[in-house]
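**Q** okay, predicted coordinates and the sequence, questions at the end:
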Amino acid sequence: MIEIPVEGRSRETKIRRDAQGRWWNDGVQITHDALARAFDGWVERAEDGRYCLKNDINWAYVAIEGPPLFGRRLELDAASSSLRVELSDGREESVDLATLREGPDGALYCDARGGTMPCGLTSVAMMSLEDHLEEDADGVLLRVGARSVRPPRVADPLVPFRGAVIEPAHP
C-alpha cells in the first residue's frame, strides 16, 4: 500500500520523552498519568528505525532520550530462578537474564517486548534486588535462585544485547 501524504500534515511531532521517563509536548510536561502510560505502551520503532507512538488509529514520530521502556518493579522467583519485570507501560513479562547489562552509569538494563526494546531498570526496581546483588572485583553479580548472573558493563546499554554470564550459584 502506498501512502499519499496529505498536504499540510506530517508525522513529525514536538512530543518527546526525557531520560527520566517524563513525556513533554512542545516544552510542556504531560502530567496526566493515564496518557503518559498510554504513550509508554504505544512506543514502537518505525520502519526507518526512529521511535514513534503507534496505536490502532495512527502513528507519529517522537524523540526518546534514554531507554524507550523502564522497568518499574522487579519480582524474583528463587524457586524457578526467574525474574519478572513490570514495565512502564503496565505490562509484565519475564526477563531474559542473558540480556542483563550494566550501563556506564551503573544502572542495569535488559531487553523487553521479546527482545525488541531496551529497558532501563529504575533505582526502585534495582533496590528490590538489593538482597540478591553482590559486587566483587569483577563487577555486579545477581543471584537468581540456583543461578548467578554477571551483567557485563557495556558502553551503550540501549543496543540490544545477549551475553550476560549465567552460571550455577556458588554458596
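**A** The structure has been received and is ready for your questions. Because the structure is a prediction, the values reported are computed rather than measured.
**Q** longest single helix anywhere in this structure?
**A** The longest helix of the chain (DSSP state H) is helix 33-42.
**Q** buried stuff in that one?
**A** 36, 39-42 (16 or more other CB atoms under 10 Å). For the C-beta atoms, the positions are set from N, CA and C on the backbone; glycine is no exception.
**Q** buried set for stretch 52-61?
**A** Residues of stretch 52-61 classed as buried by neighbour count (16+ other CB under 10 Å): 52-54.
**Q** likewise for stretch 20-37?
**A** Across stretch 20-37, burial judged by 16+ other CB under 10 Å covers 21, 23-24, 36.
**Q** out of the residues you listed, the closest to Ala63 would be?
**A** Of all the buried residues of stretch 20-37, Ala63 sits closest to Trp24, with 9.1 Å by CB to CB.
**Q** double-check that that closest one belongs to a strand.
**A** Yes - per DSSP: H, G, I helix; E, B strand; the rest coil, Trp24 lies within a strand segment.
**Q** for it, which non-adjacent residue is closest in space?
**A** Excluding its sequence neighbours, the residue lying closest to Trp24 (CB to CB, 6 or more residues apart in numbering) is Arg16, at 5.2 Å.
**Q** helix, strand or coil for the one you found?
**A** strand.
**Q** wait, doesn't it sit right on Gly66?
**A** No - counting by CB atoms under 8 Å, Arg16 stays clear of Gly66, with 10.9 Å between them.
**Q** just checking, what's the longest strand in this structure?
**A** Using DSSP state E, we find that the single longest strand of the chain is strand 69-77.
**Q** tell me what that strand is packed against?
**A** strand 82-87, strand 108-112, strand 117-121, helix 123-127 (3 or more CB pairs under 8 Å, 6 or more residues apart in numbering; DSSP states H and E).
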